[in-house]
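**Student:** Show me how the following folds:
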Amino acid sequence: MAWKRSMSNAPPMIIIFFMLTTILSTVEAGKIGVNWGRRTSHRLLPSMVTDILLQNEIKYIRTFSVEVKAMMAFSGSGVIVTLSLPTASVPFMGLFGMSRYWLNDHVRSFKTMGIDVRYLQVGTDITLPNNSTSYNLTVTATRSIQSALEVNDHDYLHLTISHTIDILNPITKPSEADFNPIYKPLVIEYLSIMEGTNSPFSIVVMPFEFIIQNNLPLEFAFMDNKSNFSIIDNAHVYMNAFELIYDSFVVALSKAGHPDTNIVVAQIGWPTDGHPVANKVNAERFYKGLLPHIKSDKGTQRRPGASIEVYLHSLADENLLGVTSNKSYLRHWGIYKSNGEPKFKIDLSGEGRDVYPTVAKGTVTMPKRWCIFNGDKSNMTKVQQQFAFACKVADCTPLYPGGSCSFLSFDHNVSYAFNNVFQTNTQYNVDGTSCDFDGLGEVVPDNPSIGSCDFQLEILGADLRDLGGVNKISVSNEIKPSFYLMMIMSAAWVYFQYEEIDNLR
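**Tutor:** Below is the predicted model of the structure:
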């Protein structure tokens with residue numbers, strides 16, 4: 001009662017100030033999450049990943065895997081999960097009944113396990129330059145899945161599709177931005193499907209790639225606004241690529257008739273290898289500018305004060321991810337090495353502290369043994385063949401021009417490749433030839449790393465793959481025979497409608 005009396009006697013402005021302070025204190029600042037892919041030879045246990053998230057106070061994760069063993073680690077953790085429907089599965093979802101089966105077999109069962117699944121991303125890497133086939137199929141699948149959500153009471157789940165800048169006309173100024181004509185009708189259809197669902201419009205923002213593709217100064221990629229280069233767009237002056245790209249989507253959405261659509265940045269990051277400017281120093285600088293900007297709700301030029309949700313790409317390197325010769329950096333987006341060690345300083349809370357994130361706990365390193373080339377060049381054809389074989393089996397992208405190992409001699413190149421195969425195979429195979437390479441390899445106890453080139457020593461991989469689907473571990477009791485019939489029919493339909501299945505995810 002004393003509190004009530006004191007408030008009733010307080011001046012109106014003080015009461016208003018108190019109310020505003022209370023309201024603002026309950027509004028969550030920009031959200032920072034991470035992406036997690038599992039295309040790596042020696043994966044951290046899912047429980048270790050969950051521990052990394054909790055230790056670093058990360059509440060949001062977007063996973064590219066729907067494997068049950070991976071998902072179970074999030075049960076009861078408080079981590080909010082975005083699932084990704086694999087691109088290869090997208091065409092199946094457009095057929096009657098398939099969406100309902102998939103949602104029940106995965107999402108609903110995950111929810112019963114205590115996993116807080118709130119978002120489903122339909123497909124990955126589906127907006128290709130001047131080719132809308134994949135996106136068209138994805139929009140069709142999204143319509144089917146959204147109908148299944150409404151019919152089957154999945155009101156907790158929101159759908160989204162990730163959009164790269166390839167879906168836009170070439171970016172010059174945000175005021176001139178618009179969706180590519182081959183995509184625009186499909187985007188409008190997608191937005192109409194999502195209208196009223198509170199589902200976000202997800203975008204991929206990669207300043208690293210943007211400056212390379214557009215031959216822009218490196219400084220323009222960073223958020224510390226030290227660049228002498230800027231893009232003037234009427235009253236707006238853009239000093240960094242993030243705001244330029246984000247606002248280009250803002251304008252394009254407005255021109256599509258949806259100016260107030262909530263935008264989530266589904267992928268943003270900086271690689272640390274595979275390109276001359278892909279390194280730890282630049283990655284640390286990029287995040288040091290980005291994360292405090294997000295956490296402080298500065299927004300962008302066209303959405304000042306906006307609370308932006310971003311997913312850092314990605315948690316750990318993926319040395320088995322498919323790459324092309326000009327994009328060898330795709331395997332090196334990780335904040336962490338595949339062994340759970342952080343690569344550089346990054347304050348994942350967004351407070352801008354000069355700190356390393358916590359190290360993964362519980363990893364066990366393999367014995368200190370490395371496999372190197374023994375120097376026998378009596379048959380160079382054989383050496384070249386074994387070198388090529390090793391790079392086909394294991395990751396050699398750091399050897400590419402601009403990579404962390406690109407300065408090595410030929411002998412050291414071969415040693416690097418041999419060692420990667422040796423470590424990928426857990427230093428062992430059944431016939432005892434793990435470091436043989438047709439008589440060209442030898443095992444050594446001393447670390448052969450040179451300068452910035454790290455000859456890796458892998459962790460023991462205790463995580464095994466499953467095929468996904470809760471039925472694999474008998475959480476659901478049965479799948480009706482009609483499900484298999486629909487799978488066969490879907491496969492035939494895909495054969496004629498969808499010639500290229502994404503090989504990256």
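**Student:** can you confirm L191 is in a strand?
**Tutor:** No: judged by DSSP: H, G, I helix; E, B strand; the rest coil, L191 forms no part of a strand; its state is helix.
**Student:** Skipping its backbone neighbours, what lies nearest it in space?
**Tutor:** H258 (4.9 Å; Cβ to Cβ, 6 or more residues apart in numbering). (Glycine included, C-beta is placed from N, CA and C.)
**Student:** before we move on, what about P217?
**Tutor:** Excluding the flanking residues, the one nearest P217 by Cβ to Cβ, 6+ apart is F229, at 4.6 Å.
**Student:** send the alpha carbons of stretch 86-105 over as CSV?
**Tutor:** C-alpha atoms of stretch 86-105 as CSV (Å, rounded to 0.1, in the frame of the first residue of the first chain):
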residue,chain,number,x,y,z
PRO,A,86,16.9,-30.5,-46.8
THR,A,87,16.7,-29.2,-50.4
ALA,A,88,16.6,-32.7,-51.8
SER,A,89,13.4,-33.3,-49.8
VAL,A,90,11.6,-30.1,-50.9
PRO,A,91,10.0,-31.5,-54.1
PHE,A,92,8.4,-34.3,-52.1
MET,A,93,6.6,-31.8,-49.8
GLY,A,94,4.6,-30.4,-52.7
LEU,A,95,2.6,-33.6,-53.0
PHE,A,96,-0.5,-34.4,-51.0
GLY,A,97,0.1,-36.0,-47.6
MET,A,98,3.9,-35.8,-47.7
SER,A,99,4.1,-32.6,-45.6
ARG,A,100,1.8,-34.0,-42.9
TYR,A,101,3.9,-37.2,-42.6
TRP,A,102,7.2,-35.2,-42.4
LEU,A,103,5.9,-32.8,-39.8
ASN,A,104,4.5,-35.5,-37.6
ASP,A,105,7.6,-37.7,-38.0
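**Student:** per-residue confidence averaged over that stretch?
**Tutor:** Mean pLDDT, computed over stretch 86-105, is 89.
**Student:** ok, and for that stretch, which residues are buried?
**Tutor:** Under the neighbour-count criterion of 16 or more other Cβ atoms under 10 Å, stretch 86-105 has 86-87, 89-95, 98-105 buried.
**Student:** now, which of these lie within helices?
**Tutor:** Judged by DSSP state H, these include V90, P91, F92, M93, M98, S99, R100, Y101, W102 as members of helices.
**Student:** Nearest to Q423 among those?
**Tutor:** Nearest to Q423 among these: V90, at 34.6 Å, using Cβ to Cβ.
**Student:** correct me, but the closest one touches Y135?
**Tutor:** No: checked against Cβ atoms under 8 Å, the pair V90 and Y135 is beyond contact range at 10.0 Å.
**Student:** pLDDT weak spots in this protein?
**Tutor:** 1-28, 96, 430-431, 461-505 (pLDDT under 70).
**Student:** what about the longest helix in it?
**Tutor:** Using DSSP H to define each element, the chain has its longest helix at helix 133-151.
**Student:** just checking, what packs against the next helix or strand after that helix?
**Tutor:** Next helix or strand after helix 133-151 toward the C-terminus (DSSP states H and E): strand 158-160. Applying 3 or more Cβ pairs under 8 Å, 6 or more residues apart in numbering; DSSP states H and E, we find strand 158-160 packed against strand 116-122, helix 133-151.
**Student:** what does stretch 291-306 contact?
**Tutor:** Here stretch 291-306 makes contact (Cβ atoms under 8 Å, 6 or more residues apart in numbering) with 29-32, 174, 223, 233, 236-238, 242-243, 246-247, 250-251, 307-308, 310, 346-352.
**Student:** just the buried members of these?
**Tutor:** Buried among the contacts of stretch 291-306 (16+ other Cβ under 10 Å): 30-32, 174, 223, 233, 236, 238, 242-243, 246-247, 250-251, 307-308, 310, 346-350.
**Student:** out of those residues, which are inside strands?
**Tutor:** Of the buried ones among the contacts of stretch 291-306, the ones assigned to strands by DSSP state E are K31, I32, D233, H236, Y238, V310.
**Student:** and the fourth one, bridged to which residues?
**Tutor:** It stands for H236. With DSSP bridges applied, H236 shows beta-bridge pairing to D233.
**Student:** ok, it to V250 distance?
**Tutor:** Separation of H236 from V250 (Cβ to Cβ, to the nearest Å): 11 Å.
**Student:** about what we covered before: list the buried residues for the longest helix of the chain?
**Tutor:** The neighbour-count check on helix 133-151 (16+ other Cβ under 10 Å) flags 134-146, 148-149 as buried.
**Student:** So what's the gap between that helix and the chain middle?
**Tutor:** Mean-position distance between helix 133-151 and its chain equals 22 Å (Cα atoms, centre = their mean, to the nearest Å).
**Student:** just the angle between it and strand 116-122, please?
**Tutor:** In terms of direction (axes from the mean of the first three to the mean of the last three Cα atoms, to 10 degrees), helix 133-151 departs from strand 116-122 by 140 degrees.
**Student:** Mind giving me the packing neighbours of helix 133-151?
**Tutor:** Using 3+ Cβ pairs under 8 Å, 6+ apart, the elements in contact with helix 133-151 are helix 90-93, helix 98-102, strand 116-122, strand 158-160, helix 184-194.
**Student:** which SS state does S202 fall under?
**Tutor:** Taking three-state DSSP as the rule, one finds S202 in the strand state.
**Student:** Nearest spatial neighbour of it, chain-adjacent residues omitted?
**Tutor:** Nearest non-adjacent residue to S202, counting by Cβ to Cβ, 6+ apart: A266, 4.0 Å away.
**Student:** and the one you found, that's in a strand?
**Tutor:** Yes: per three-state DSSP, A266 lies within a strand segment.
**Student:** Mutual contacts of V90 and Y135, please.
**Tutor:** What both V90 and Y135 touch, as defined by Cβ under 8 Å, 6+ apart, is the set I126.
**Student:** What is the burial count for the residue nearest to S202?
**Tutor:** When neighbours are counted by other Cβ atoms under 10 Å, A266 registers 28.
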